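Chemist: mind folding the following:
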Amino acid sequence: MTGYEKKMKEVEILLVEDDSNDAELTIRALTKHNLANNLLWVKDGEEALDFIFCTGEYSARNIHYPPKVILLDLKLPKVNGIEILRKIKTDEQTKTIPVVVLTSSKENRDLDVCYSLGANSYIVKPVEFEKFVAAVSETGLYWLLLNEPPKRDTKAS
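Modeler: A predicted model of the protein is given here:
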């Protein structure tokens with residue numbers, strides 16, 4: 001197994017965020033609790049879909065090793081977060097991946113649509129740094145350490 005293959009197999013958190021400041025704050029919050037070791041940050045919706053569905057530059061990745069959680073912003077270039085969520089939750093191979101919407105949108109419409117599509121959680125990004133760090137840290141701790149995901153068949157390649 002190459003280093004690339006090993007890294008792609010070990011991704012626990014897929015961070016889908018186009019804003020570099022929000023991404024860096026998220027990574028810093030997760031790093032503070034040693035939760036960012038196996039994190040992959042993608043900056044647009046198209047790259048997120050390529051990673052999740054093993055296409056494009058991620059075509060060598062094995063779909064049977066999904067991230068433990070996807071932190072998903074809604075307002076993204078190329079493909080928006082709602083469309084990403086829809087594709088994840090309607091595909092048999094990916095529908096059980098926990099998706100936490102981490103967004104600045106407080107719109108009820110976005111909240112309702114995300115939950116109706118199967119989002120596992122919807123968190124509005126706090127403006128204050130300390131509250132943002134706390135929200136991200138608690139989210140990471142829950143989904144990586146406490147949540148029990150369904151068992152996957154990893155024998156297929």
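
Chemist: strands of this structure, start to end?
Modeler: 13-16, 39-42, 69-72, 99-103, 121-124 (DSSP state E).

Chemist: gap between the longest one and the chain center?
Modeler: Averaging C-alpha positions (Cα atoms, centre = their mean, to the nearest Å) puts strand 99-103 7 Å from its chain's average.

Chemist: in contact with the closest residue to residue 93 other than its chain neighbours, which residues?
Modeler: Among residues not flanking residue 93 along the chain, residue 63 sits closest, at 5.6 Å (Cβ to Cβ, 6 or more residues apart in numbering). (Each C-beta comes from the backbone N, C-alpha and C, glycine too.) Shown in contact with residue 63 (Cβ atoms under 8 Å, 6 or more residues apart in numbering): 53-54, 93-94.

Chemist: and if you look at residue 115?
Modeler: residue 122.

Chemist: now do the contacts for the residue most central in space within the chain.
Modeler: The centroid of the chain falls nearest to residue 70 when counting by Cα atoms, centre = their mean (1.6 Å). Contact analysis of residue 70 by Cβ under 8 Å, 6+ apart lists 13-14, 16, 48, 52, 88, 97-100.

Chemist: residue 32 now?
Modeler: Residue 32 neighbours (Cβ under 8 Å, 6+ apart): 133, 137.

Chemist: any idea of the pLDDT on it?
Modeler: Note on residue 32: pLDDT of 84.

Chemist: now do residue 1
Modeler: In this prediction residue 1 is given a pLDDT of 48.

Chemist: what of residue 156?
Modeler: 47.

Chemist: likewise residue 152?
Modeler: pLDDT, read off for residue 152, is 63.

Chemist: what bits of this structure have low per-residue confidence?
Modeler: 1-9, 152-157 (pLDDT under 70).

Chemist: now the helices for it?
Modeler: 3-10, 20-32, 45-53, 81-89, 108-117, 129-141 (DSSP state H).

Chemist: let me know which of those is the nearest to residue 59.
Modeler: Residue 59 lies closest to helix 45-53 among those, at 8.0 Å (Cβ to Cβ).

Chemist: the closest one - contacts with which helices or strands?
Modeler: strand 13-16, strand 39-42, strand 69-72, helix 81-89 (3 or more Cβ pairs under 8 Å, 6 or more residues apart in numbering; DSSP states H and E).

Chemist: many thanks, have a good one.
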